[in-house]
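Asker: Sequence first, then the predicted structure:
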Amino acid sequence: MVRAFEAGELDEFGAEELVRGLTLVLDDPDATVRRVLAEGLAKTGFPPTHIVQCLCRDNFDVARPLLEDCLALAEFDLVDLVGEGTEAVRRAIAVRINLQQSVAAALAEVGEEGPCLVLIENENVDIADISFVRLAERFGDNPELRAALLARADIPIDIRHALLSKLSDALGSLITVQQWMTPDRARLVLREACEKATIEFTETANDAEQRALVAHLSLSGKLTPGLLMRALSAGNLHLVAESLALLSALPVKRVNRLLHDRRATTMFALFASAGLPKAIHYGFRLSVRTVIECRKEGFDFSSKSDRLRLVERMLTTYQDFAPEDISYLYGLLTKLGNDAAREDARERIDLEQLEIESHAA
């Protein structure tokens, strides 16, 4: 009967009778019969709406083929089914191909852990930023869902950082409970790791994403001088400009002009307006100037070796100033230089290994 309906070769009267006959199948006491009907209609381009609606609200074994595959289900129908259905129903909807954002939003709002994990791992779903926010709020403490969210390439950068912070907190608790480190040492190590990952996030982020990250960092109290210095050591002057613009309430274009102004008093006024501690003004200005000069010389800041050269240039510049002017940043920059050297060494080893493997092939 379904094949006859799909063929569309009946006249109007015959088609009406056929639909009436298919409707009677909804009352068949054998669930296997109703499931066969659902399987047939799931592959039909324009199945009778009332039959699909009834089958979708039948027991799950009957409804599943339609929930997972039927393209005739309208967006609002799926949203209703998410709201009124069971966990199994929501899971079946979450695996659909090309799931609409509104349906994904409904799942993010009311779905249990299982359906939401399926949703996150479904690469065919375009999830809206606000839905990512809700998923992070509801399941950010769940290791499996947190890992799945971080694995998605389209997750907003500020949500990615929030999830990273939750991961850092979880690791900190584990380290402290297991007594692998003292609490203070654990906090320091995890904070530095979080800052490093934050800078890595920005390497592929556009201007809007970096601005969103800066706002998130500011609200969470993590927009620190140490983070800004780490950004400079990676050559990311744009993130620094966005941060200073937010902190000083100045337009980012004006901040960029001030950062390129060679007059020390102009830059110090910007730093003071942004609330940076006076003790780091000299060192911070030297670092900004060094990044600008290295950029003009054609440094590739995505290269670990050029980042190492940048940090070494900064440290060389610092040697001309009294220790009290740059003591805090000098110590921080020395540590960043050590990290950069290790990253450069790892990158060179990886390149050598690739060259060996290519020759062997």
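Answerer: Yes, it's here.

Asker: Point out where the stretch 151-300 of the chain drops to low pLDDT.
Answerer: Within the stretch 151-300 of the chain, the stretches with pLDDT under 70 are 167-191.

Asker: Kindly recompute the last result at 80.
Answerer: Low-confidence segments of the stretch 151-300 of the chain (pLDDT under 80): 161, 164-205, 216, 219-220.

Asker: What ranges does it have for its strands?
Answerer: Defined through DSSP state E, counting those that start in this stretch, the strands belonging to the stretch 151-300 of the chain form an empty list.

Asker: excluding its backbone neighbours, what's nearest Val19?
Answerer: Using Cβ to Cβ, 6 or more residues apart in numbering and skipping the chain neighbours, the partner closest in space to Val19 is Pro48 (5.2 Å). For glycine as for every other residue, the C-beta is placed from the backbone atoms N, C-alpha and C.

Asker: Arg285 now?
Answerer: Leaving aside its sequence neighbours, Arg285 sits nearest to Met267 (Cβ to Cβ, 6+ apart; 4.9 Å).

Asker: Just to check, the one you found is in contact with His260?
Answerer: No - using Cβ atoms under 8 Å, Met267 makes no contact with His260, being 9.4 Å away.

Asker: okay, the two: which has more neighbours?
Answerer: Neighbours were counted for Met267 and for His260 using other Cβ atoms under 10 Å; Met267 has more, 20 against 14.

Asker: Report the contact partners of that one.
Answerer: For Met267, the contact set (Cβ atoms under 8 Å, 6 or more residues apart in numbering) comprises 258-259, 261, 281, 285, 288.

Asker: taking the residues you listed one by one, which sit in helices?
Answerer: Counting by DSSP state H, the part of those found in helices is 258-259, 281, 285, 288.

Asker: For the residues you listed, give me a markdown table that also has distance to Asp129.
Answerer: What follows is these, written out as a markdown table (distance: Cβ to Cβ, whole Å):
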| residue | distance to Asp129 |
| --- | --- |
| Leu258 | 31 |
| Leu259 | 30 |
| His281 | 37 |
| Arg285 | 36 |
| Val288 | 32 |
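
Asker: ok, so of those residues, who is nearest Ile159?
Answerer: Among those, Leu259 lies closest to Ile159 (Cβ to Cβ), at 28.5 Å.

Asker: With adjacent residues omitted, what lies nearest to the closest one?
Answerer: Nearest in space to Leu259, with sequence neighbours left out and distances taken as Cβ to Cβ, 6+ apart, is Val288 at 5.6 Å.

Asker: Please tell me how far the residue nearest to Arg285 sits from Leu228.
Answerer: Met267 sits at a distance of 13 Å from Leu228 (criterion: Cβ to Cβ, to the nearest Å).

Asker: Same check on Val214?
Answerer: Val214 sits 10 Å away from Leu228, going by Cβ to Cβ.

Asker: Glu16 too?
Answerer: 72 Å.

Asker: Which of these two has more residues huddled nearby?
Answerer: Neighbours were counted for Glu16 and for Leu228 using other Cβ under 10 Å; Leu228 has more, 24 against 11.

Asker: Who are the contact partners of the nearest residue to the more buried one once chain neighbours are set aside?
Answerer: In this structure, Leu228 finds its nearest non-sequential neighbour in Val240, 5.4 Å apart by Cβ to Cβ, 6+ apart. By Cβ under 8 Å, 6+ apart, the contact set of Val240 is 228, 231-232, 259, 288.
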